[in-house]
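got a predicted structure here, sequence first:
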There are 2 protein chains.
Amino acid sequence: MNKAYEIVLAGIERAFLDGSLTLGDRLPGERSLAERFDVSRSSVREAIRILDAVGLIRSNVGSGPGAGSVIVSEPAVGLSRALKLHVSARHIAAADVLTTRVVLESEAVATAAEAVAAESVQRHGRGSSVQSPGPGDVHLRGAGDLLTAMRDPDIAKEDFHNLDARFHRELCAAAGNPVTDIILASLSSSILDYVSAAAAATDDWPWVQAELTKQHAGLLESILAGDADRARQECAAHIHWFATTTGIRP
Amino acid sequence: MNKAYEIVLAGIERAFLDGSLTLGDRLPGERSLAERFDVSRSSVREAIRILDAVGLIRSNVGSGPGAGSVIVSEPAVGLSRALKLHVSARHIAAADVLTTRVVLESEAVATAAEAVAAESVQRHGRGSSVQSPGPGDVHLRGAGDLLTAMRDPDIAKEDFHNLDARFHRELCAAAGNPVTDIILASLSSSILDYVSAAAAATDDWPWVQAELTKQHAGLLESILAGDADRARQECAAHIHWFATTTGIRP
């Protein structure tokens, strides 16, 4: 605790913990925070920048009633920025990022498949024909729509990559663990430039696109069938295949 | 890219990528960065704060030859700060952090066990009696020393927690993936206060300590025996046991 802005950050953390500050609240003004923590206004400004950088506040410009910083929770923003900077500093190899991704994502899709299987048993048990969607359903339906969009043969490579990333996020979200989601989002955005460059250098993109689409469809099908083992294996094979094909991993 | 400090961060990232800035270098001065990126000095200061917060620079005070900011790579610092703030903002439940930890750490210890098994085959094949230590060996020997220190019946609870965390880090480091290490370090430091509080509230600490020590010893033994499946299972069981015993997870 040797820097003034650390005092402000620790104080804000305490305010979160004791409930005096919660999501959606407006952050107190610079002067008020400086007085409360007995630090300079420039130290408060530094702390606010860090909160902004880690995705904990969103600043609104102006001086009206909507001005100031609102507490939000966009953790993937903060984590991916930190990871991205470290990847660029070469401390972290893209291949190691991918290996970590395989571990987390394979387990997430397996959990999603188990959730589908459990839900199906429950519905069957209830003997009801009313099928209210669970949180997993919503994400898996979103993934289905993204799959359809990715099948468009005229889609731009750039658009395909974005839909591809969203497709993977929807599958993982169906597992219902926000920490895993955040880390996976950070991992993939930390090597996005790298992946795009590798894909751009691919000789036969139409073939790669067709293969990816086939693999995506198989993966979604495994989850919808409630087959955790198949989903786990197909996910790992899919990520490895892309990495090898585009030369990210030897 | 709507904020001036983002311009500075993106420029520094490019400098990492093209090799003009590397680890150990001194970051150019405030004025020089402000001129290069055509932004105000206060925007440069904000960017430097963020680099500091994500563990990419270490600032030295003073005006001598050692003054200024040196490029370092301490990614766990940055990620755990971001995660910790988000955990405190209640967006993230400690139980979800633990679930993610189980997935990553179980796989890491299994990989460490596989590395031990592969190394043992290689040594045997070489028929050599010279055993030069690999990177995994170093970490596993460190873990062994920590285990011995944790057996001290008079150890303070606080010290035990610190050694415990270091023990887990050494086991994972033996797997050789820095991304997984960084994420695991971030996860555990993001809920450290939570875990300490839960452990402090435990009725029978000597019993908990004895159990933990037994489980730690078994886990290290599995890895040293090269038994990946046993290591994976013991790791998951160990983390679950502690979470349940201390009431972090119901």
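Structure's in. What do you need?

check which residues of stretch A:144-156 are buried.
For stretch A:144-156, burial by neighbour count (16 or more other CB atoms under 10 Å in any protein chain shown) applies to A:146-147, A:150. (Each C-beta comes from the backbone N, C-alpha and C, glycine too.)

could you list the low-pLDDT ranges of chain A?
Low-confidence segments of chain A, defined by pLDDT under 70: A:1-2, A:60-67, A:90-91, A:125-136, A:250.

so the lengthiest helix in it versus helix B:94-126, what angle?
As assigned by DSSP state H, the longest helix anywhere in chain A is helix A:94-126. Relative orientation of helix A:94-126 versus helix B:94-126 (axes from the mean of the first three to the mean of the last three CA atoms, to 10 degrees): 130 degrees.

helix A:94-126 and chain B in contact?
Yes. Helix A:94-126 reaches chain B (CB under 8 Å from any CB of the partner chain) through A:96-97, A:99-100, A:103-104, A:107.

out of these, who's the most crowded?
Highest neighbour count within the residues of helix A:94-126 next to chain B: A:E107, with 26 neighbours (other CB atoms under 10 Å in any protein chain shown).

any idea how far B:E74 is from the residue positioned nearest the centre of chain A?
For chain A, A:A185 is the residue whose C-alpha lies nearest the centre (CA atoms, centre = their mean; 2.6 Å). Shown here: A:A185 relative to B:E74, a distance of 22 Å by CB to CB, to the nearest Å.

cool, and A:E74?
23 Å.

and if you look at A:A76?
Distance from A:A76 to B:E74, by CB to CB: 21 Å.

same deal with A:A243?
Taken as CB to CB, the span from A:A243 to B:E74 is 27 Å.

more neighbours, those two?
Shown here are A:A243 and B:E74; by other CB under 10 Å, A:A243 has more neighbours (20 against 15).

distance of the more buried one from B:D152?
From A:A243 to B:D152 the distance is 46 Å (CB to CB).

is any part of whichever helix or strand the residue nearest to the centre of chain A is part of close to chain B?
Per DSSP states H and E, A:A185 falls inside helix A:178-190. Yes. Helix A:178-190 reaches chain B (CB under 8 Å from any CB) through A:178-180, A:182-183, A:187.

pretty sure A:L23 contacts A:S73?
Yes. Contact criterion CB atoms under 8 Å: A:L23 and A:S73 qualify, at 5.6 Å.

quick one: which of these two has more around it?
A:S73 (20 against 13).

pretty sure the more buried one is in a helix, no?
No. A:S73 is assigned coil when assessed by DSSP: H, G, I helix; E, B strand; the rest coil, not a helix.

what distance do you get for it to A:G218?
34 Å.

also A:L184?
20 Å.

what does A:L212 give?
11 Å.

same deal with A:S189?
Distance from A:S189 to A:G218, by CB to CB: 25 Å.

these two - which one has more neighbours?
Taking other CB under 10 Å, A:S189 and A:G218 do not tie; A:S189 has more neighbours (18 against 15).

any idea how far B:T100 is from the closest residue in space to that one that isn't next to it in sequence?
Excluding the flanking residues, the one nearest A:S189 by CB to CB, 6 or more residues apart in numbering or on different chains is A:S80, at 4.1 Å. Relative to B:T100, A:S80 is positioned 16 Å away (CB to CB).

repeat for A:A94
Distance from A:A94 to B:T100, by CB to CB: 21 Å.

could you find the closest non-adjacent residue to the residue nearest to the centre of chain A?
A:A76 is the one closest to A:A185 (CB to CB, 6+ apart), at 4.0 Å.

confirm that A:S69 sits in a helix.
No. Counting by three-state DSSP, A:S69 falls outside a helix, being strand.

show me chain A divided up by domain.
Following automatic domain parsing, one gets these domains for chain A: A:4-73, A:80-245.

give me the neighbour count for A:D159.
Neighbours of A:D159 (other CB under 10 Å): 13.

chain A: strands as residue ranges?
Along chain A, counting by DSSP state E, strands occupy A:57-60, A:68-71.

which stretch among the ones you listed comes nearest chain B?
Among those, strand A:68-71 comes nearest to chain B, with 6.9 Å by CB to the nearest CB.

picking up where we left off before, can you give the distance of the helix holding A:A185 from its chain's centre?
Relative to its chain's centre, helix A:178-190 lies at 4 Å (CA atoms, centre = their mean, to the nearest Å).

what comes up buried for stretch A:74-94?
The neighbour-count check on stretch A:74-94 (16+ other CB under 10 Å) flags A:75-89, A:91-94 as buried.

correction: stretch A:32-51
In stretch A:32-51, residues buried by neighbour count (16+ other CB under 10 Å) are A:33-34, A:37, A:39, A:43-51.

quick check: end-to-end length of it?
17 Å (CA to CA, to the nearest Å).

mind listing the helices for chain A?
Under DSSP H, chain A gives helices at A:4-17, A:30-37, A:41-53, A:75-88, A:94-126, A:135-150, A:157-173, A:178-190, A:192-200, A:205-224, A:228-245.

which one of those helices is the most hemmed in?
Among the helices of chain A, helix A:75-88 has the highest mean neighbour count (mean count of other CB atoms under 10 Å in any protein chain shown), at a mean of 25.

quick one, that helix and helix A:94-126 angle?
150 degrees.

of the buried residues of stretch A:144-156, which ones also sit close to chain B?
Counting by CB under 8 Å from any CB, nothing from those sits close to chain B.

from those residues, which single one is nearest chain B?
The nearest member of the buried residues of stretch A:144-156 to chain B, counting by CB to the nearest CB, is A:L146 at 24.2 Å.

that closest one against A:F167, yeah?
Yes. The criterion here is CB under 8 Å, and A:L146 meets it with A:F167 at 4.4 Å.

what about the residue nearest to A:V77 when sequence neighbours are not counted, how many residues nearby?
Excluding the flanking residues, the one nearest A:V77 by CB to CB, 6+ apart is A:G55, at 3.3 Å. By other CB under 10 Å, the residues close to A:G55 number 22.
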